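K.L.:
Based on what follows, work out the 3D shape:
(chains A and B)
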Amino acid sequence: MAVGLGSAALSGIGLGYGPLALADPPPAPAPERGRELIRLVRQDCGSCHGMTLRGGLGPALLPENLSAQSPPALKYTILFGRPGTAMPPWQPFMTEAEADWIVTQLLRGFPEEAK
Amino acid sequence: MSGRKPFRVWIWFFFVCPLLAWGAEPILRGTGDLGVIVERGAGRVLIVNTSSNSIVQRVDGLGDLSHASVVFSRDQRYAYVFGRDGGLSKVDLLRGTLDTRIVQGGNSIGGAISQNGKLVAVANYEPGGLKVFSADTLEPVADIPAAYGDGKRSKVVGIADLPGDRFIYSLFDADQLWIADVRDPKAPKVEKFSGIGRAPYDGLVTPDGRHYLAGLFGEDGIALLDTWQPRPAVQRILAHYGQGEQKRPVYKMPHLRGWAVAGRQVYLPAVGRREVLVADTTNWKETARIAVRGQPVFVVARPDSRQVWVNFAFPDNGFVQVIDTLTGQIIQTLEPGKAVLHLEFTPRGEAVWISARDDNKVVIYDTASFTKLAELPAESPSGIFFTARAHRIGF
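P.N.:
Numbering: from 1, shown residues only, chains lettered A, B, ... in the order given. The predicted structure follows:
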C-alpha cells in the first residue's frame, strides 16, 4: 500500500497551501501503524465524513474541500476538535506527528485501505 | 489448493447446473425469516436466513454503503437500501438480485416507507430535503426541499413513517421538525415546527405511531411531539440530564428508532455520557439512568421488552451490554468482536445478530443463555435488517 511518503516533494505548492508546504514532510508512521491510521480515518472519521470522505453529517474532506485551510489549522482541528460542533478531539488516539501525517495525506487525496 | 478444483467447478457449470435448472421447479418459500446485512466497504448486501443462521445470496453493485439503512416492502419481498451516495436500491430477496437502482441525490442518510407501502421517502443531506418515490418503480413522485432562513437548505435526519402516509423528520441545521403528508404526492402538505432544540441528530416514532422523539446534539434533552393532539406542540423532555457535568467528546452519533420502547419505558442513549436514560412514556419523566460501559450508539429492546441491548461508540465499540428491564441492572457484558456497529433481533427475539466490522464477521447469540450460536463471515459488516421491520410502524 502507498503508506510511505514516496515523493517527498509532496507537490504541496500545486495544492495551493502556501509556504508551509515547503517545510519537511511529516515522518511516515511504521507500516502497521500507518494501516491503523488509514483505517481510523476511513472508518471512524468516516462515520460522520463518509467513508469516501465526500461528507455526511460532517463536511467533505477531499483535497479540494481542505485546500483553503492551512495544514496546522487542520492538524489542530483533528487533535482538539471544534467546540460547538460535533467534531471531537482525536488527541487521545494519536500523536501530533501522526495528525500531521494524516493532514498531509488528506491534502494529497487520502489512501484507500488495503484489502 | 488442489489443481483439480477448477475442473470440478467447470463440471458443475456445464453439466450439473443445467440439469438442475431443467429438472427443478422453482422453490416456493416465504421471506419472513430473511434479512440483509450491509457490507459497507464492498457496496454489497448479504441476504441471510434467520432460521438456518446462514447466508443465502450476495447482491453487488449498491454503491457507497458507508452509511446505509434499509426498509422493506410490505410483502417482505423487497429491501430498499439507502446508500451514502444518494443511491436507492431495490433488492429482490427471493431472486437474490438487484431489481432497480437509482441515484436520487448527492448524499443521503436514510429513508422510510409509507403506511400503505406505496411510497418510499429518502432523507437527503445534499441537496438537503426529502424525495419521495414510487415503491414499485422508484419513479420520483415528490420533492420537498428542506429550505429555511435565507435560501439555505438543511440536512435531513431522523426520518420515520407516521400513520396516514405521512413522514416525520428533523432538520439538523435548522432546528426544525417537519411532517410531510404525501397522501396526494402531487400536492404534499408540510407541517413545520421550529425551535425544537439545537442540532437534532436523529429521531424515532413510538411503536403506536403517536409520539416522535428527536435527540438533540447541541443541547441536553429530547424534543417530543404528540402527533395525536389536534394542535401538536413540541415539548422538551429529559432536559437536565447532564446539568453541571462536562460532556465527553462524541466519536459516533447515537441512533434512535422505535425499538427503544420496552413496555411503558423508553430507553435512550445519553449524548456524550456513558449512560442510558430511561423515561416513562405515560408522563415522559425520567425514571432512571443506567451507567454503561461507553457512550451508547444503539439501545435496542428485545421484541418481548424483557431485555435492552446496548452497543457503544469508539473507543468502547468492542463491547455489548444487556440490561434487564425488570431490575434495571446490567446482566451481561459481551465482547462479540472488534468495532461492533449494529445489532438486530430475530422477529421474536430468541436470537440477536451483531456485526463486528473490524473482525469481518457477524456473531449470533442466544438471548436467553448468551451462548454463541454461529458466526458468519462478512466484509466490514455494518447494518443488519430483518424483514419483520416491514410490519412495524416507524421502521
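
K.L.:
Up against chain A, what does the stretch 101-250 of chain B have?
P.N.:
B:107, B:109, B:125-126, B:155, B:157, B:172, B:199, B:201, B:217, B:249-250 (CB under 8 Å from any CB of the partner chain). C-beta coordinates here come from the backbone N, C-alpha and C atoms, glycine included.

K.L.:
Point out the ones among those that are inside strands.
P.N.:
B:107, B:109, B:125-126, B:157, B:201 (DSSP state E).

K.L.:
between these, which is nearest residue B:79?
P.N.:
residue B:109 (17.2 Å; CB to CB).

K.L.:
The closest one reaches residue B:128, doesn't it?
P.N.:
No. Applying CB atoms under 8 Å as the test, residue B:109 and residue B:128 come out as separate, 10.2 Å apart.

K.L.:
Show me the two of the ones in strands among the residues of the stretch 101-250 of chain B next to chain A that sit farthest apart.
P.N.:
B:126 and B:201 (16.7 Å).

K.L.:
what about these two, which has more around it?
P.N.:
For residue B:126 and residue B:201, the more surrounded residue by other CB atoms under 10 Å in any protein chain shown is residue B:201, and the numbers stand at 22 against 17.

K.L.:
thought the more buried one was touching residue B:175?
P.N.:
No. Using CB under 8 Å, residue B:201 is not in contact with residue B:175, being 11.4 Å away.

K.L.:
Might one say that residue B:142 is in contact with residue B:134?
P.N.:
No. With contacts counted by CB under 8 Å, residue B:142 stays clear of residue B:134, the gap being 10.2 Å.

K.L.:
low-confidence ranges in chain A?
P.N.:
A:1-24, A:115 (pLDDT under 70).

K.L.:
can you list contacts of stretch A:90-108?
P.N.:
Contact partners of stretch A:90-108, identified using CB atoms under 8 Å, 6 or more residues apart in numbering or on different chains, comprise A:5, A:10-12, A:15, A:17, A:25-29, A:33, A:37-38, A:40-41, A:53, A:61, A:63, A:66-67, A:71, A:74-75, A:78-81, A:111, B:315.

K.L.:
same deal with stretch A:69-89?
P.N.:
A:17-18, A:20-21, A:48, A:57-58, A:66, A:90-91, A:94, A:96, A:99-100, A:102-104, A:106-107, B:199, B:201, B:217, B:249-251, B:253.

K.L.:
what does stretch B:317-329 give?
P.N.:
B:252, B:262-263, B:265, B:267, B:276, B:278, B:288, B:290, B:292-294, B:297, B:301, B:305-312, B:330-341, B:343, B:354, B:370.

K.L.:
Take these and keep only those in strands.
P.N.:
Going by DSSP E, the strands hold B:262, B:265, B:267, B:276, B:278, B:288, B:290, B:297, B:301, B:307-312, B:330-334, B:340-341, B:343, B:354 from the contacts of stretch B:317-329.

K.L.:
are any of those buried, and which?
P.N.:
B:262, B:265, B:267, B:276, B:278, B:290, B:297, B:301, B:307-312, B:330, B:334, B:340-341, B:343, B:354 (16 or more other CB atoms under 10 Å in any protein chain shown).

K.L.:
Of those, which are in range of chain A?
P.N.:
Answer for those near chain A: none qualify (CB under 8 Å from any CB).

K.L.:
For whichever residue of the stretch 201-350 of chain B sits closest to chain A, list the residues it contacts.
P.N.:
Among all residues of the stretch 201-350 of chain B, residue B:249 sits closest to chain A, at 3.3 Å; criterion: CB to the nearest CB. Contact analysis of residue B:249 by CB under 8 Å, 6+ apart lists A:81, A:88-89, B:272.
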